[in-house]
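# this is a predicted model, with the sequence first.
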Amino acid sequence: MNYTMTRHVFLRNCGAAAALVVLLTGCDPNRPSDELSNRIEMDGYSFFPPVERGWLIASRSAEKITLLKAGDMEGQSYLIEGGHVGLDGLAESGGIVAFTEVTHRKVFPEPRFRIRQHDVSGLQIAGANCGMSHVIAEDRDPGTGSNVVTAVLIDAVGTICVHPSRPDLGIAMIYTHRSFPEDRDRGFEALASSVLQTQQFGGDAGRGDN
């Protein structure tokens, strides 16, 4: 998959994020959705979305999905993305935890981003071997239009799991929060982890995508 997990860092502010999604999808972010109150089924995996109001599906295909939610404060937005990723180089990388670390580090390339913190660990989710990564990074070119703020924070928690029936296929999900430094949500890591750990895996996933 094309790893576009920090797509919302290019949105100018939370109001623009909401307006953009309404324009592209015709959806009202404040309107409840039956689909977002139930488990979301994708090709080879499924998960429960967050329970907060305001989430909507910005884009979706058989294997890839993007959920977006505008925050309550200026410059704040939330994003969840999921999709397939090839694991051809998994053995050479040293296993799923190392693969996850390297893959997520590439999402935040220098000099635009400065990684403040990057923690990785291994875990099992629904019987699948996974790597979990938590990144806190500064975006030095956030496009906020502000002459005062020079960077915004991206708080990102993501997993890459080896699909139980296809060891060459990874299921990648990431949940990110974009905010100004003073608005950082200290409870975000726990919240994001709880959502990611609702994943389940099944089916003959992705036989036509590689």
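Done, it's in. Numbers count the residues shown, from 1 in each chain.

# where along this protein do the helices fall?
14-25, 90-93, 96-106, 188-196 (DSSP state H).

# which strands and helices sit next to the last one?
The reference is to helix 188-196. When contacts are defined as 3 or more Cβ pairs under 8 Å, 6 or more residues apart in numbering; DSSP states H and E, helix 188-196 sits against strand 128-139, strand 152-162, strand 169-179. Using the backbone N, CA and C atoms, a C-beta is placed for each residue, glycine as well.

# let me see the contact set for V120.
Contacts for V120 were tallied using Cβ atoms under 8 Å, 6 or more residues apart in numbering; they are 97-98, 100-101, 104, 131-134.

# centre of the chain versus stretch 181-199, how much separation?
Distance of stretch 181-199 from the chain centroid (Cα atoms, centre = their mean, to the nearest Å) equals 11 Å.

# pull up the distance across it, start to finish.
30 Å (Cα to Cα, to the nearest Å).

# list the buried ones in that stretch?
183, 185, 188-189, 191-192, 195-199 (16 or more other Cβ atoms under 10 Å).

# same question for stretch 55-69.
So, applying 16+ other Cβ under 10 Å, buried residues of stretch 55-69: 55-58, 63-69.

# wouldn't S193 be in contact with D155 here?
No - counting by Cβ atoms under 8 Å, S193 sits too far from D155 to count as a contact (11.9 Å).

# now do the end-to-end distance for stretch 99-112.
Note: stretch 99-112 ends 22 Å apart using Cα to Cα.

# just checking, R112 touches R140?
Yes - using Cβ under 8 Å, R112 makes contact with R140 at a distance of 5.7 Å.

# before we move on, back to that, would you list the buried residues of stretch 181-199 in JSON lines and tack on pLDDT and distance to E74?
JSON lines is the format used below for these (pLDDT from 0 to 100; distance: Cβ to Cβ, whole Å):
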{"residue": "D183", "pLDDT": "84", "distance to E74": "9"}
{"residue": "D185", "pLDDT": "85", "distance to E74": "15"}
{"residue": "F188", "pLDDT": "95", "distance to E74": "18"}
{"residue": "E189", "pLDDT": "95", "distance to E74": "23"}
{"residue": "L191", "pLDDT": "95", "distance to E74": "21"}
{"residue": "A192", "pLDDT": "97", "distance to E74": "22"}
{"residue": "V195", "pLDDT": "97", "distance to E74": "24"}
{"residue": "L196", "pLDDT": "98", "distance to E74": "27"}
{"residue": "Q197", "pLDDT": "98", "distance to E74": "31"}
{"residue": "T198", "pLDDT": "98", "distance to E74": "30"}
{"residue": "Q199", "pLDDT": "98", "distance to E74": "32"}
